[in-house]
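Mind folding the following:
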Amino acid sequence: MPLEEYRRRRDPRRTPEPVPEGDPDRAGPGGARFVVQEHHATALHWDLRLERDGVLVSWAVPKGLPEDSETVRMAVRTEDHPLEYLDFEGEIPRGEYGGGRMSVWDSGHYETEKWTDREVAVVLHGQRAAGRFVLLHRPGERRDRWLLRRTREQPADAGPPGAPLPHDLPLAVPGRAQRLPGGDDWQVRPVFGGRRVLVRSDGGRLTLRPVGDDGVPGDPIDPPGRLRELGPALGAGGHLLDAELTARGKLWVADVLHTGGRDVRALPLDERRALLEALPLDGPHRRPAPLYPNAGASLLDAVREQGLPGVVALRAGSPYPAPGAPSQDWLEVPVSGSRTGGRRTDGYGRAALSNPSKVLYPATGTTKADVLGHYLAVAEAMLPHLDGRPATLKRWPDGVEASSFFEKNVARHAPSWLRTARVGTPGGRSESADFAVIADAEGLAWAANLAALELHVPQWRLGARDARHPPDRVVFDLDPGEGTTVVDCARVALRLRALLDDHGLPVYPSTSGGKGMQVYLPVRVTRPERTSEFAREVAERLAAEHPRETVAVMTRARRRGKVFVDWSQNNTAKTTIASYSLRGRELPTVATPVTWDEVAACREPGDLLFTVDDLPARLDTHGDLMRPLIDTDGFRLPRGGSIAEVPG
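Here you go, the predicted model:
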């Protein structure tokens, strides 16, 4: 029974796949149709199906049909499929056999040149799958293990086989210039301040290789999670792309070196650009780098306004530059006047920087020198929020993919010029610890050298002789439970604002740099515990008025599908992430103050996601949105219990 195995694996009540009750007529070879289906199952693969004897003889090919005669693909013989499968597309439910999305990649007819138990040779006539292919089963191999290759000799109408996809290629090194070249025979694209990478996609498998100043690719890095769909989107072919990966995990693809089974570096710029734009590169986190006619100073002004570091001018009609020496067909022009901390490799002031090129964020290639550059860029805005507050450091010495640890006591290694303060640590390993108190850019540089990516501070300051002042801030830490995101936090933040507005209390929002948000209120209290009491009253009122969206208790089981308004962060023994601090996440995200308009407009998590790339331009536009916390004397809190009353 030719389809017995097919039917055994499928329940027609649970899958949209065709499941015929009867068996086909196998009197002869039948028609000669074929289909290649792209199958997003547990692992992406392409199913090659050839019509024969009334069924579709099938192989699963993990990387798709080869484009050249030197590449050999593994092909796994699977059960025969019914002819109704020739045009099947749809979503097979997860948990079912072959669960995942399936679509027709190509179809057409074929000619059989040889068909035995060990060798199948066919000529495919399709739009994308065209040419002579051979499937081979070697003696001694498992029955389902076959090899698939494209033959060297091809039919005249199929054209010659393509070139193998290289493992890597060096990228062009642009020449340097202080101004844009004159004339109309140049085109210009912006530089986004990210890390240059060689993108390689082979049969849906994506790798990124950071590229040094010499254009030579280094060891591969894992693509950021948001880019992992690019490989499947590019499909079964092989591609090498010249791109820039920003710290926010966005990929700007500038040029193409290999695609469609051929090396295209010798093609003129406009032809390579057409090939690039034909690829499926438009997505929320990837797109072709824009290319503009040379507009001279006006273009540089536009780039400067966006806070970008420069542009590359490309000579029209030129091939992709040869590797090695800087090319005079590609000229990189810096843009002066953009706000950036610079990429220092020698430290800052009295703070030295060791291993400046050490990568701390592998997904984006962000180095220790880049971390220092960020902290110097935000120092003017950040330092007033650190000054006088004992800082807890969270350190990632080997980068964010390795282990981290919190450090409070810095007595053993703090330099003599750094202020430290002995502060009690109830519940800690000792009764007190010598905390760092960061008051200047040198202190930030010292922390960057320690790979202290995160700086956490309490809601109170130190006074004379390191005595504690009462808290000067109330923080509402909005933590999304399972099934919720920062979008839900934004809705709760707006309700929190409305509630406190009714009591004449202005509040200021910030992203956490992680999944949630914080909302701050400048206050003036005499009893340290009053801020926790007040925050709890507010949280409990919100939870009472909006029980489906908000919870005020820490129990995880009760937080599912809700936002936890964590009032306990006002305990004087606790800390929260400092404004403008990096976070130790996959991407170098930053705890970023935002406007209430941005909170109200948030519709997806990316709307309130900011990284080191975003901060210089934001500070140019908004300044320090948390500055009212510094400039305001602080508001007196309503008497206990009154927050539950409706003002009138």
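
The longest helix along the chain packs against which elements?
As far as residue count goes, and with DSSP state H defining each element, the longest helix of the chain is helix 368-386. Judged by 3 or more Cβ pairs under 8 Å, 6 or more residues apart in numbering; DSSP states H and E, helix 368-386 is in contact with strand 359-361, helix 441-449, strand 454-457, helix 615-622, helix 627-631. Just so you know, the C-beta spots here come from the backbone N, C-alpha and C atoms, and that holds for glycine as well.

Would you point to the one among these that's packed deepest?
Among the helices and strands packed on helix 368-386, the stretch with the highest mean neighbour count (mean count of other Cβ atoms under 10 Å) is strand 359-361, at a mean of 26.

What is the distance between that one and the centre of its chain?
14 Å (Cα atoms, centre = their mean, to the nearest Å).

neighbouring contacts of the longest strand seen in the chain?
Within the chain, and with DSSP state E defining each element, the longest strand by residue count is strand 100-115. Identification of contacts with strand 100-115 by Cβ atoms under 8 Å, 6 or more residues apart in numbering yields 29, 31-42, 46-47, 50, 52, 64, 86-92, 94, 120-130, 132, 235-236.

on that earlier part again, of all the helices and strands packed on helix 368-386, which one comes closest to residue 175?
helix 615-622 (26.1 Å; Cβ to Cβ).

where's residue 94 relative to residue 58, distance?
21 Å (Cβ to Cβ, to the nearest Å).

picking up where we left off before, let's have the helices and strands packed on helix 368-386 in CSV, adding distance to residue 190 and mean pLDDT.
Converted to CSV, the helices and strands packed on helix 368-386 look like this (distance: least, Cβ to Cβ, whole Å; pLDDT from 0 to 100):
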stretch, distance to residue 190, mean pLDDT
strand 359-361, 22, 94
helix 441-449, 27, 95
strand 454-457, 31, 98
helix 615-622, 13, 88
helix 627-631, 31, 93
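
Kindly confirm my reading that residue 520 is in a helix.
No: using DSSP: H, G, I helix; E, B strand; the rest coil, the secondary structure at residue 520 is strand, not a helix.

neighbours around the residue lying closest to it once chain neighbours are set aside, how many?
Computed as Cβ to Cβ, 6 or more residues apart in numbering, the closest residue to residue 520 that is not its neighbour in sequence is residue 508, at 5.0 Å. Here the number of neighbours of residue 508 (other Cβ atoms under 10 Å) works out to 22.

quick one: the helix or strand harbouring residue 56 to chain centroid distance?
Using DSSP states H and E, residue 56 sits in strand 55-61. Strand 55-61 has its average C-alpha position 36 Å from the chain's average C-alpha position, going by Cα atoms, centre = their mean.

Name the next helix or strand downstream of the longest strand of the chain, please.
Trace forward from strand 100-115 with DSSP H and E and the next one is strand 119-126.

Please save the CA atoms from that following strand in PDB.
Taking Å, rounded to 0.1, in the frame of the first residue of the first chain, the C-alpha atoms of strand 119-126 are listed here in PDB:
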ATOM      1  CA  GLU A 119      20.500   6.700  -8.400                       C
ATOM      2  CA  VAL A 120      17.900   9.100  -9.700                       C
ATOM      3  CA  ALA A 121      18.900  11.500 -12.400                       C
ATOM      4  CA  VAL A 122      16.400  14.100 -13.600                       C
ATOM      5  CA  VAL A 123      16.200  17.400 -15.500                       C
ATOM      6  CA  LEU A 124      14.000  19.900 -13.700                       C
ATOM      7  CA  HIS A 125      12.100  22.600 -15.700                       C
ATOM      8  CA  GLY A 126      11.000  25.200 -13.200                       C
END
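
how much space between residue 141 and residue 118?
Distance, residue 141 to residue 118, by Cβ to Cβ: 10 Å.

so which strand or helix has residue 198?
Using DSSP H and E, residue 198 falls in strand 195-202.

Okay, angle between whichever helix or strand comes after that strand and strand 195-202 too, please.
Note on strand 195-202: by DSSP H and E, the next helix or strand toward the C-terminus is strand 205-210. Calculated by axes from the mean of the first three to the mean of the last three Cα atoms, to 10 degrees, strand 205-210 forms an angle of 160 degrees with strand 195-202.

by contact count, what packs against strand 205-210?
strand 195-202, helix 230-234.

The nearest residue to residue 387 once chain neighbours are set aside: what secondary structure?
Nearest residue to residue 387 in three dimensions, chain neighbours excluded: residue 439, at 4.7 Å (Cβ to Cβ, 6+ apart). Three-state assignment for residue 439 (three-state DSSP): coil.

what's the distance between residue 439 and residue 593?
20 Å.

between those two, who's got more neighbours?
residue 593 (26 against 16).

mind checking which helix or strand the residue lying closest to that one once chain neighbours are set aside is in?
Nearest non-adjacent residue to residue 593, counting by Cβ to Cβ, 6+ apart: residue 625, 3.7 Å away. Remark: residue 625 resides in no helix or strand, with elements defined by DSSP H and E.

Could you do residue 256 as well?
strand 251-259.

residues making contact with that strand?
Taking Cβ under 8 Å, 6+ apart as the rule, strand 251-259 contacts 163, 165-166, 169, 171-172, 189, 192, 194, 197, 199, 227, 230, 237-246, 263-265, 272, 275-276, 279, 281, 285-289, 312, 320.

Fine, thanks again, bye for now.
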